[in-house]
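Asks: Need coordinates for the following:
(one chain, ligands or ions: 1)
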Amino acid sequence: MTTTIAVNRALFDEVMVPNYAPASVIPVRGEGSRVWDQQDREYIDFAGGIAVSSLGHCHPALVNALKQQAEKLWHLSNVLTNEPALRLAKKLVDTTFADKVYFANSGAEANEAAFKLARRWALDKFGEQKQQIISFGKSFHGRTFFTVTVGGQASYSDGFGPKPGAVVHAEFNNLDSVKALISDKTCAIVVEPIQGEGGIIPADASFLQGLRDLCDEYHALLVFDEVQTGVGRTGKLFAYMNSGVIPDILTSAKSLGGGFPIGAMLTSSAIASHLKVGTHGSTYGGNPLACAVAEAVLDTINTPEVLAQVLHNEQIFRQCLAELNEQYPVFSEVRGQGMLLGAVLNETYRGRAREFFLAAAEQGVMVLIAGPDVIRFAPSLVITEQDIREGMQRFAAAIKQVVTG
Ligand SMILES: *Cc1c(COP(=O)(O)O)cnc(C)c1O
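Replies: Below is the predicted model of the structure:
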């Protein structure tokens, strides 16, 4: 039997590597868009575990999928395939541009696979001079060394020794800045359809089309990082379906698992053929438990009703935020799409997102920030109107608290 240890926030500082600074409360259970902490205090969840809990907490369909699979088979390794992985891959292929799927355990790993595939594809087809990856300032692609290097924040990639080479950064939504960098040496352009961590900044449709055209002209691959935007979050199954611009490689994670770790890389047969047997892999990637849960997530989200609800919920969020802003003018605009929204603080409150975040938690609503100037909302796609309105009342109290000091 395991012995019971008293756990509290102080224990974190004692036993955890100090790379995180978690809040003072410890949540212990959740249901739908409500979460309770050790003291049984209730929070309304507008954060969704950073755009992960796409169907809220303990959604019955996901609990059921996990329990059923837990009693059947957990793990085998990739020496063998398994039924949930095959079903999930088939459904992803049937509903997207892609012909092939590779499973990983996280967004960073899905991107790592995408970048390695782009490099290998270019090497096989054009030779070793074609290696350059163009990415964007403020972009975020994960925390492995390759993905932080491709990401557009030097503070995440500096200080760990020599970085993977041939990675350059252009300016997001500025096609001329890409034209200035692209050449026959470019193997891929990597972009988020909506920059998430960078501040909820949507890519212009013309910008994405421009990237597509440049990739075609220079024989480079267009990679969409949809780790944050994918699986219903913008009201379409994937955000690329809003713009009509089709990538060569797409990565997904976060919402795909609904809280269970999984990542996926999607691509065409022709490109996929360059990851031959033995070129890449993962021990846990595509394991039966993760794939069974993700299959239930996909089945539940990819319906006209749920996707329509995402856009309906967006309207309620926008309307509530507009009303709040009339009472306490703190925002200059609300950006984003579906259940991925960023309320941008105006001149007066610039740089103070963290204060709003902390006040919100005090008032019983969990929000996120995206940089120092943006309050981010990434709740469950199926959050109820009642939970939105009650959460917004609590958020109003939080705003009042910050505004009146
Ligand atoms: C969160 C995120 C990642 C990294 O995903 P992990 O699962 O944390 O590795 C990559 N790209 C984008 C756009 C993300 O939002």
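Asks: wait, what's in contact with Q209?
Replies: S243, V245 (Cβ atoms under 8 Å, 6 or more residues apart in numbering). Where you see a C-beta, it was placed from the backbone N, CA and C, and this is true even at glycine.
Asks: Mind doing that once more with 7 Å?
Replies: Applying Cβ atoms under 7 Å, 6 or more residues apart in numbering, one finds that Q209 lies in contact with V245.
Asks: which parts of the chain sit against the ligand?
Replies: In this structure, the chain approaches the ligand at residues 106-108, 111, 140-142, 192, 196-197, 225, 227-228, 253-254, judged by Cβ under 6 Å from any ligand atom.
Asks: In helices, which of those residues fall?
Replies: Counting by DSSP state H, the part of the residues of the chain next to the ligand found in helices is G107, A108, N111.
Asks: thought H169 was touching S135?
Replies: Yes. Taking contacts as Cβ atoms under 7 Å, H169 lies within contact range of S135: 5.5 Å.
Asks: quick revisit: nearest to the ligand, of the ones in helices among the residues of the chain next to the ligand?
Replies: Ranked by distance to the ligand (Cβ to the nearest ligand atom), these are led by G107 at 2.3 Å.
Asks: residue boundaries of the strands in the stretch 1-150 of the chain?
Replies: Counting by DSSP state E, counting those that start in this stretch, the stretch 1-150 of the chain has strands at residues 27-31, 34-37, 42-45, 100-104, 132-136.
Asks: returning to what we had before: quick check: neighbours shared by H169 and S135?
Replies: With Cβ under 7 Å, 6+ apart, H169 and S135 have common neighbours G152.
Asks: Between those two, which has more neighbouring residues?
Replies: Using other Cβ atoms under 10 Å as the criterion, H169 and S135 rank with S135 on top: 25 against 19.
Asks: how close does the more buried one get to T149?
Replies: Counting by Cβ to Cβ, to the nearest Å, the gap between S135 and T149 amounts to 9 Å.
Asks: do you know how far G286 is from Y102?
Replies: G286 is 8 Å from Y102, by Cβ to Cβ.
Asks: And those two? Which one has more around it.
Replies: A count of neighbours by other Cβ under 10 Å puts G286 above the other of G286 and Y102, at 28 against 24.
Asks: Doesn't F160 belong to a strand?
Replies: No. Counting by DSSP: H, G, I helix; E, B strand; the rest coil, F160 is located in no strand; its state is coil.
Asks: What does it show for phi and psi?
Replies: Backbone torsions of F160, given as degrees, to the nearest 10, read phi -130, psi 20.
Asks: wait, what's in contact with the nearest residue to it once chain neighbours are set aside?
Replies: Leaving aside its sequence neighbours, F160 sits nearest to F145 (Cβ to Cβ, 6 or more residues apart in numbering; 6.4 Å). Shown in contact with F145 (Cβ under 7 Å, 6+ apart): F160, K163, P164.
Asks: Quick one, which of the residues you listed are buried?
Replies: Among the contacts of F145, those classed as buried by 16 or more other Cβ atoms under 10 Å are P164.
Asks: mind checking how far the residue nearest to L11 when sequence neighbours are not counted is from E14?
Replies: Excluding its sequence neighbours, the residue lying closest to L11 (Cβ to Cβ, 6+ apart) is I5, at 7.9 Å. From I5 across to E14, the span is 11 Å (Cβ to Cβ).
Asks: What lies in contact with stretch 364-374?
Replies: So stretch 364-374 is contacted by 35, 42-47, 50, 196-200, 342-345, 350-351, 353-354, 357, 360, 375-378, 391, 394-395, 398 (Cβ under 7 Å, 6+ apart).
Asks: Give me the buried positions along it.
Replies: Those would be G364, V365, M366, V367, L368, I369, A370, G371, D373, V374, for stretch 364-374 by 16+ other Cβ under 10 Å.
Asks: Could I get the contacting residues of F146?
Replies: Each residue near F146 by Cβ under 7 Å, 6+ apart is listed here: E112, F115, P164.
Asks: Quick check: phi and psi on the residue nearest to the spatial centre of the chain?
Replies: Closest residue to the average C-alpha location of the chain: Q228 at 2.0 Å, with Cα atoms, centre = their mean. Reported as degrees, to the nearest 10, the phi and psi values for Q228 are phi -100, psi -30.
Asks: Need the pLDDT of the residue of the stretch 251-400 of the chain found nearest the ligand.
Replies: Closest to the ligand within the stretch 251-400 of the chain is A253: 4.6 Å, counting by Cβ to the nearest ligand atom. pLDDT for A253: 98.
Asks: Kindly report the same for the one 10 residues further on.
Replies: Looking at G263, its pLDDT reads 98.
Asks: Ok, S269 next?
Replies: pLDDT, S269: 98.
Asks: burial of it, as a residue count?
Replies: 10.
Asks: From the ligand, how far off is the residue lying closest to it once chain neighbours are set aside?
Replies: Computed as Cβ to Cβ, 6+ apart, the closest residue to S269 that is not its neighbour in sequence is D99, at 4.2 Å. Using Cβ to the nearest ligand atom, to the nearest Å, D99 is found at 23 Å from the ligand.
Asks: From what I see, D99 and S268 are in contact.
Replies: Yes. The pair D99 and S268 qualifies as a contact (Cβ under 7 Å) at a distance of 5.3 Å.
Asks: higher neighbour count, the two?
Replies: In terms of neighbours (other Cβ under 10 Å), S268 is the more surrounded of D99 and S268; the figures are 16 against 13.
Asks: so who does the more buried one touch?
Replies: Residues counted as contacts of S268 (Cβ under 7 Å, 6+ apart) are A98, D99, D248.
Asks: Make TSV from the strands of the stretch 1-150 of the chain and add distance to K125 and mean pLDDT to it.
Replies: Shown next, in TSV, are those (distance: least, Cβ to Cβ, whole Å; pLDDT from 0 to 100):
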stretch	distance to K125	mean pLDDT
strand 27-31	48	98
strand 34-37	49	98
strand 42-45	46	98
strand 100-104	17	98
strand 132-136	15	98
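Asks: So which of those has the densest surroundings on average?
Replies: strand 132-136 (a mean of 25; mean count of other Cβ atoms under 10 Å).
Asks: List the contacts of S332.
Replies: Neighbouring residues of S332 by Cβ under 7 Å, 6+ apart: V344, N346.
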